[in-house]
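Trainee: coordinates for the following, if possible.
(one chain, ligands or ions: 1)
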Amino acid sequence: MRIDRKRLETSIEELGRIGETPRGGLTRLALTDEDRRGRDRMVEWMRAAGLRVSVDRMGNIFGERAGTAALPPVMMGSHVDSVPTGGKYDGQLGVLCALEAIRTLNDHDTRTRHPVTLVIFTNEEGARFQPAMIASGVMAGKIALEDAYNARDRDGIRLVDELERIGYLGPEPCAPRPFRAYLELHIEQGPNLEAEGLSVGVVEGIVAISWSRLTIHGVQDHAGPTPMRIRHDALVAAAEVVTGVRGIARQLGGDLVTTVGSLTVAPNIVNAIPGRVALSIDMRDPTDAVLDRARPLLDAVVREACEREGVRYELEHYWRVPYTPFDPDVVATVERAARSTGAGYRRILSGAGHDAQYMAAIGPVGMIFVPSRDGRSHCEEEFTPIDDIEHGANTLLRTALDLAELRA
Ligand SMILES: [Zn+2]
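Mentor: Here you go, the predicted model:
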């Protein structure tokens, strides 16, 4: 049994036109009118494929294809929201490959023992409402429904009001539900598969992540009359922290990655010595032990940089996710499926968070990666060749078939 490559390609093009940017990317922020149109199109296709569609209180959409027994479903899916000027593959590829797998089951009149359910998660990106993966987080019981409802976008608009406005505030409870497995196909968003000429990544888990925020308090003063020797410049200390954070990755080596991605300078004008700087630190590694070693190094980098400049600071380690291993049996099933499609594949870790991370807290999870050209994503240049997508979709189909059990 193989998926219909042409039909999948057409669906990718068609859904990609909703929120398309002039340069061929995608802007479809969560719970906007574009998101609603994307959801509506998906629901239309799901109904046409004979799925029983339901929506939960977080706007997550489920489309169930019945099984022959009263068993928990094999779920597969991803998200259809995007970042601003993002690409057409992040998220929607997983949803469309899942739909294509179900369409293929229909083509062959295949009956499975377990139901097969397509799922579309709300606001995965966190581009409009924070935190990211908010709806799978509520489903896993890691985020309170009330907190999610009260998340506000930049204009102060509440998530729950937007859910209602676009018609996706559903009646089903958003709570842990039993499933045989949750499968998510996603673009790699890194350079490894492409560099090694492979089509499929069998994802073993998601790296451990640590987020910290640092505020440095210097002394704001005039850039002219203030001699260098009496300055306490918050930005000079911050600059040392930025290079120091990179130094931690160099020092510990391996797969550790460290990033200062956000910097806010006050007053941020040409003729004042910066009085205050706030910055973010993101550190990721496949093993929790390495992050445990990185954290005191970060403390030292900050302390030393601030002492040298004679400035005060507050450093807060406010978010930590441990390494999330996926279910070994599901991972092995994905690997067998990849092998059977004839695709080049290897085992891989995800450096980015996905809904699969929260789903792993409530049931067996596996992911399938397909390559990202030049390793790029969250940009209009995001691209995956159709040959690789076809291998990925067939791997997803065969994994789902295996786990949902063909009726004897
Ligand atoms: Zn994504």
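Trainee: what sits against Y182?
Mentor: Taking Cβ atoms under 8 Å, 6 or more residues apart in numbering, we find Y182 in contact with 75-76, 119, 356, 359-360, 363-366. For every residue, glycine as well, the C-beta is placed using N, CA and C.
Trainee: so which of the residues you listed is the closest to the ion?
Mentor: The ion lies nearest to A356 out of these, by Cβ to the ion, at 9.9 Å.
Trainee: assumed that closest one was part of a helix.
Mentor: Yes - assessed with DSSP: H, G, I helix; E, B strand; the rest coil, A356 lies in a helix.
Trainee: need the contacts of Y182 in TSV (columns: secondary structure, distance to the ion and neighbour count).
Mentor: Output for those, formatted as TSV (DSSP: H, G, I helix; E, B strand; the rest coil; distance: Cβ to the ion, whole Å; neighbours: other Cβ atoms under 10 Å):
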residue	secondary structure	distance to the ion	neighbour count
M75	strand	16	25
M76	strand	14	30
V119	strand	14	28
A356	helix	10	26
M359	helix	13	28
A360	coil	16	23
G363	coil	20	18
P364	coil	20	20
V365	strand	15	28
G366	strand	16	30
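Trainee: for the residue nearest the centre of the chain, give me the pLDDT.
Mentor: By Cα atoms, centre = their mean, the chain has its centre lying nearest to H354, at 3.5 Å. H354 is assigned 95 on the pLDDT scale.
Trainee: ok, the one 4 residues further on next?
Mentor: You'll see Y358 listed with a pLDDT of 95.
Trainee: just to check, it is in contact with A140?
Mentor: Yes - using Cβ atoms under 8 Å, Y358 makes contact with A140 at a distance of 4.0 Å.
Trainee: which parts of the stretch 201-350 of the chain are helices?
Mentor: Assigned helices in the stretch 201-350 of the chain, in chain order: 234-252, 288-309, 328-341 (criterion: DSSP state H, counting those that start in this stretch).
Trainee: and those as a markdown table, adding mean pLDDT and mean neighbour count?
Mentor: Below are the helices of the stretch 201-350 of the chain laid out as a markdown table (pLDDT from 0 to 100; neighbours: other Cβ atoms under 10 Å):
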| stretch | mean pLDDT | mean neighbour count |
| --- | --- | --- |
| helix 234-252 | 98 | 19 |
| helix 288-309 | 98 | 17 |
| helix 328-341 | 98 | 19 |
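Trainee: so which of these comes closest to D282?
Mentor: helix 234-252 (9.0 Å; Cβ to Cβ).
Trainee: the closest one packs against which elements?
Mentor: In terms of contacts (3 or more Cβ pairs under 8 Å, 6 or more residues apart in numbering; DSSP states H and E), helix 234-252 is packed against strand 208-217, strand 257-259, strand 263-266, strand 276-285, helix 288-309.
Trainee: what segments of the stretch 101-250 of the chain are strands?
Mentor: Under the criterion DSSP state E, counting those that start in this stretch, the stretch 101-250 of the chain carries strands at the ranges 116-121, 181-187, 200-206, 208-217, 221-222.
Trainee: need these in TSV with mean pLDDT, can you?
Mentor: As requested, the strands of the stretch 101-250 of the chain are exported to TSV (pLDDT from 0 to 100):
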stretch	mean pLDDT
strand 116-121	98
strand 181-187	98
strand 200-206	97
strand 208-217	95
strand 221-222	97
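Trainee: quick check: the residue of the stretch 151-300 of the chain nearest the ion.
Mentor: Nearest residue of the stretch 151-300 of the chain to the ion (Cβ to the ion) works out as H186 at 5.8 Å.
Trainee: what bridges to that residue?
Mentor: Taking DSSP bridges, one obtains F369 as the residues bridged to H186.
Trainee: so it sits against G94, correct?
Mentor: Yes - applying Cβ under 8 Å as the test, H186 and G94 come out as touching, 5.2 Å apart.
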